[in-house]
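Undergrad: give me coordinates for this.
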Amino acid sequence: MTEEDIPRFRPRARLLQLLGDQLIGSPRLAIFELVKNAYDADATRAEVTMSHLDTPDATIEVVDDGDGMSYDTLRNIWLVPGHDHKAKDRAKGTRTTRGRLPLGEKGVGRFAVHKLGRAVEVVTRQADGPELVLKIDWEEIANSEFLDEARVEIVEREPALFIGKQGTSVAVTGLRGEPWTRGEVRRLFRQITSISSPFAARSDDFAATLILPQQKKWLDDVPDTETLLESAPWRFTFSLEGNQFSWRYEFRGFNGIALSPRTVEGTEYGVLLDPKDLPERDQDLIKAEKKPPRAVRSSLAHQEGIGPLSGTLMVYDRDKDVIEKIGHSASLQEFLNESGGIRVYRDGIRVYNYGEPGDDWLGLDIRRVNSPTKRISNNIVVGAVDLSLEESRSLEEKTNREGFVEGIALGRMRALIRGAIAVFESERNKDKQNLRKLLSKKRDSLSGGIEKPLQQIKTLAKKNNLSNEVDPLIDKAQKAYDDMREIMLRAGISSMSLVIVYHEIDHGVRLLHTALRGGADATRAVQQARDLVAVLDSFGDLLRKGQASDHDVRDLAERAAELNSVRLSNHDIDLEIRVDRSPNALFALSRFPLGLVLGAVTNLIDNSVYWLSSRWPENEGDSNRKLLIAVDTESYSGPALIIADNGPGFADGLEDSTEPFFTRRPDGIGVGLYYVNLIMHTIGGSLRMVDTDLVPLGPDYDGAALALVFPRG
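TA: Now for the predicted structure:
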């Protein structure tokens, strides 16, 4: 067999296209990879410039002031997919002038540029060297049959870009994919500016910036991270080194709330761990003991291949009464929605995508479902965990750059961090308990009454010249409230029911307050005031087990749509109403107290408004948010009013969702669906999740869908 006859691997030229498209999850992550390359080049800064984004000439350029590349490096390393020079340098502990170990190790990150656009130009210069230019047209490369047949040219020239300095520029043109929107650019800004830990002191000074020459206003009102971090009521720091666990808890207090700041510190041997948090192999060893413990202390073995751990958590409270005390309410909400979570940093540089929205890598949100008042969730914490790149050798980054490869080391690291968080939660619960006591005094609607909010409504009515119409109704609401309160106190109603009553009265008052503040027309404001009275009267009816009256469910649907139309419009929600008024339509009659059931319907709409805003946080141009109010007279045992949306849908079954105090809303108290379910059972109906296979609603409504099924009249 001759040398030519020996079989050999010959990669197709399209392999580079696959590396860019398949290994890198998103354009934002591709840019993040280029910024990481700047760090590996020992740069102090990386500037990402996005020009002419709304034109065919759109360009993305990443410029750094790093060491630059030589002709030999460009040819024999940059153009060689999978080159392992960085992995070798890391294994040998070879550091740069600024003391950095290389982040890259697989030799494919630079091909992220293919994810961004069809052509790339690399300009680079080392100190006192010539400027080198490498141009790549990815479509030309892909047209070559084999990779070794693809031709590129490196041109040497006098410095034109890096005059009197060194560095590298990577410019991408012919951008691929969807156009860059304001929301996506703002997410990119938060991503690349978070490449360095906001808490760790750095000795090598690396920062990334984003420049938008034509769309500067897109970043005008991005929340000030430093200010918002400093406003956190709680700060918790911890470290675990040599199995010595040290921590510091700080409660800073709130303006206007009489709670004293508090600081506690501790040092322990190891972290107390829940065995269920550990990898299965460790769990099996614990179960093999004669009397398996319910908790174990960490040992040095748990840190093997992970090295020393440290972390900082800034924790907030999204209770509406508390967040106002912190200040920056709107910007803080946006900040927590986008930046909430715990990120991971190695040698002060971020490991993507830990801490991104929706990435519950520590299972915090799941833990909080079981103990909502005791546990923290991702959307109230901004935190960072710091690792040593040199000592965390068992934590290997995935090829797609989205976290570490699952394994024993990662499982143990999760358990260690959860153990540290549990210490914080135990201390925080002491302050939260005191906070709840103080706030409950302010919120005690049954002892304190609703005189103040109703008086505020009268003031607003006067400003809108509606006193003659609204004031008598407010007086009726006050009387109905007092009557209902007396019934409840005399009957010894449970505290759960008291919470529900407060929830619904507060809801009705807020709706009326919003309508008047927004300058609603007289008819709508008066109707909303009447509905508030009806809700209060209906509670009394419910408590007295009073009489219901005949109503058409179609009228109920249209009434609910009318009452909520302004609010839905303000939230950019497209409302569709499906009510059959044709002569041949089936009857939709039932018996129920109108005000009470109207409150239940509004509750479901309120949930949809919240979760639609959660799934579709920004709307530009046509709205993505959709809400359906429909009446179905054929699919159930009685007429049904259906509320459906295109939000994220239910993560839990109906049984769990209707449990009291069960909520996935950070600002919720978990009684809304419990209340709706209670009302429907009280009137002889039911609350159902809609099976869209049996009751088709259309492709627009792929989120939550609930049916209020009424008894036939």
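Undergrad: please make it C-alpha for all contacts and neighbour counts, starting now.
TA: Fine.
Undergrad: show me how the chain divides into domains.
TA: Each domain of the chain is listed here as a residue range: 13-218, 225-439, 450-543, 549-709, per the TED database.
Undergrad: using TSV, lay out the ones you listed together with mean neighbour count and distance to residue 7.
TA: Below are the domains of the chain laid out as TSV (neighbours: other C-alpha atoms under 10 Å; distance: least, C-alpha to C-alpha, whole Å):
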stretch	mean neighbour count	distance to residue 7
domain 13-218	18	15
domain 225-439	18	28
domain 450-543	18	75
domain 549-709	18	52
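Undergrad: and the residue nearest to residue 194 when sequence neighbours are not counted, which of the three is it?
TA: Excluding its sequence neighbours, the residue lying closest to residue 194 (C-alpha to C-alpha, 6 or more residues apart in numbering) is residue 350, at 7.2 Å. Secondary structure, DSSP: H, G, I helix; E, B strand; the rest coil: residue 350 is strand.
Undergrad: in contact with residue 350, which residues?
TA: Going by C-alpha atoms under 8 Å, 6 or more residues apart in numbering, residue 350 touches 194, 195, 196, 197, 343, 344.
Undergrad: give me the element the last one is part of.
TA: Just to be clear, that refers to residue 344. In the assignment (DSSP states H and E), residue 344 maps to strand 341-346.
Undergrad: quickly run through the sheet partners of that strand, with directions.
TA: Neighbouring strands of strand 341-346 in its sheet, by DSSP bridges, are strand 349-351 (antiparallel), strand 381-387 (parallel).
Undergrad: let's test this: mean pLDDT of it, rounded?
TA: For strand 341-346, mean pLDDT is 93.
Undergrad: before we move on, back to that, what about the residue nearest to residue 194, distance to residue 566?
TA: As judged by C-alpha to C-alpha, to the nearest Å, residue 350 and residue 566 stand 43 Å apart.
Undergrad: likewise for residue 589?
TA: As for residue 589, its distance to residue 566 is 27 Å (criterion: C-alpha to C-alpha).
Undergrad: can I get the contacts of residue 350 in CSV including distance to residue 80?
TA: Below are these laid out as CSV (distance: C-alpha to C-alpha, whole Å):
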residue, distance to residue 80
194, 30
195, 26
196, 29
197, 31
343, 32
344, 30
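Undergrad: show me which of these is closest to residue 593.
TA: Closest to residue 593 out of the contacts of residue 350 is residue 343 (50.6 Å), distances taken as C-alpha to C-alpha.
Undergrad: wait, the closest one sits on residue 349?
TA: No. Using C-alpha atoms under 8 Å, residue 343 is not in contact with residue 349; the gap is 10.3 Å.
Undergrad: which residues touch the spatially closest residue to residue 58 that is not a sequence neighbour?
TA: Sequence neighbours aside, residue 52 is the residue nearest to residue 58 in space, at 4.6 Å (criterion: C-alpha to C-alpha, 6+ apart). Applying C-alpha under 8 Å, 6+ apart, one finds that residue 52 lies in contact with 58, 59, 213, 214.
Undergrad: could these go into JSON lines alongside distance to residue 554, pLDDT and secondary structure?
TA: JSON lines is the format used below for these (distance: C-alpha to C-alpha, whole Å; pLDDT from 0 to 100; DSSP: H, G, I helix; E, B strand; the rest coil):
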{"residue": "58", "distance to residue 554": "52", "pLDDT": "92", "secondary structure": "coil"}
{"residue": "59", "distance to residue 554": "54", "pLDDT": "95", "secondary structure": "strand"}
{"residue": "213", "distance to residue 554": "54", "pLDDT": "91", "secondary structure": "coil"}
{"residue": "214", "distance to residue 554": "51", "pLDDT": "89", "secondary structure": "coil"}
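Undergrad: for the helix or strand hosting residue 410, packing partners?
TA: Element membership for residue 410 (DSSP H and E) is helix 408-443. Contact partners of helix 408-443 among helices and strands, from 3 or more C-alpha pairs under 8 Å, 6 or more residues apart in numbering; DSSP states H and E: strand 244-251, strand 272-273.
Undergrad: residues making contact with the longest one?
TA: Which is strand 244-251. Under C-alpha under 8 Å, 6+ apart, the answer for strand 244-251 is 233-240, 261-271, 424, 427-428, 431.
Undergrad: again, 6 Å this time
TA: Contact with strand 244-251 is made by 233-239, 261-270, as judged by C-alpha atoms under 6 Å, 6 or more residues apart in numbering.
Undergrad: likewise stretch 606-626?
TA: With contact meaning C-alpha under 6 Å, 6+ apart, stretch 606-626 is reached by 572, 573, 574, 645, 646, 647, 648.
Undergrad: how long is it from one end to the other?
TA: Terminal residues of stretch 606-626 are spaced 13 Å apart (C-alpha to C-alpha).
Undergrad: just name the shakiest helix or strand of the protein by mean pLDDT.
TA: helix 445-448 (a mean of 44; mean pLDDT, DSSP states H and E).
Undergrad: and the residue nearest the centre of the protein?
TA: The residue lying closest to the centre of the chain (C-alpha atoms, centre = their mean) is residue 357, at 3.7 Å.
Undergrad: and stretch 146-153, average pLDDT?
TA: Here the average pLDDT along stretch 146-153 is 73.
Undergrad: and what of stretch 358-371?
TA: Stretch 358-371 comes out at a mean pLDDT of 76.
Undergrad: who touches that stretch?
TA: Counting by C-alpha under 6 Å, 6+ apart, 375, 377 sit against stretch 358-371.
Undergrad: next one: it to chain centre, how far?
TA: Distance, stretch centre to chain centre, for stretch 358-371: 12 Å (C-alpha atoms, centre = their mean, to the nearest Å).
Undergrad: ok, the strand or helix carrying residue 551: who's next to it in the sheet?
TA: Secondary structure from DSSP H and E places residue 551 in strand 549-552. According to DSSP bridges, strand 549-552 has the following sheet partners: strand 589-592 (antiparallel).
Undergrad: next secondary structure after the strand it pairs with?
TA: Assigned by DSSP H and E, the successor of strand 589-592 is helix 594-615.
Undergrad: show me how far that next one is from its chain's centre.
TA: So, by C-alpha atoms, centre = their mean, the centroid of helix 594-615 is 21 Å from its chain's centroid.
Undergrad: give me the angle between the helix or strand just after it and helix 594-615.
TA: Using DSSP H and E, the next helix or strand after helix 594-615 towards the C-terminus is strand 625-632. On the basis of axes from the mean of the first three to the mean of the last three C-alpha atoms, to 10 degrees, strand 625-632 is oriented at 150 degrees to helix 594-615.
Undergrad: which strands border the following helix or strand past strand 625-632, and is each parallel or antiparallel?
TA: Next helix or strand after strand 625-632 toward the C-terminus (DSSP H and E): strand 640-645. When sheet partners are counted by DSSP bridges, strand 640-645 sits next to strand 625-632 (antiparallel), strand 705-709 (antiparallel).
Undergrad: could I get these as JSON lines with distance to residue 684?
TA: Shown next, in JSON lines, are the strands paired with strand 640-645 (distance: least, C-alpha to C-alpha, whole Å):
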{"stretch": "strand 625-632", "distance to residue 684": "18"}
{"stretch": "strand 705-709", "distance to residue 684": "9"}
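Undergrad: turn these into TSV, columns for mean pLDDT.
TA: Shown next, in TSV, are the strands paired with strand 640-645 (pLDDT from 0 to 100):
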stretch	mean pLDDT
strand 625-632	95
strand 705-709	95
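Undergrad: quick one, which of those strands is nearest to residue 312?
TA: Minimum separation from residue 312 across the strands paired with strand 640-645 (C-alpha to C-alpha) falls at strand 625-632, 36.4 Å.
Undergrad: off-centre distance for the closest one?
TA: The chain centre lies 26 Å from the centre of strand 625-632; the measure is C-alpha atoms, centre = their mean.
Undergrad: return the set of residues that bridge with the closest residue to residue 680 other than its chain neighbours.
TA: Residue nearest to residue 680 in three dimensions, not counting chain neighbours: residue 686, with 5.0 Å by C-alpha to C-alpha, 6+ apart. Beta-bridge partners recorded for residue 686 (DSSP bridges): residue 709.
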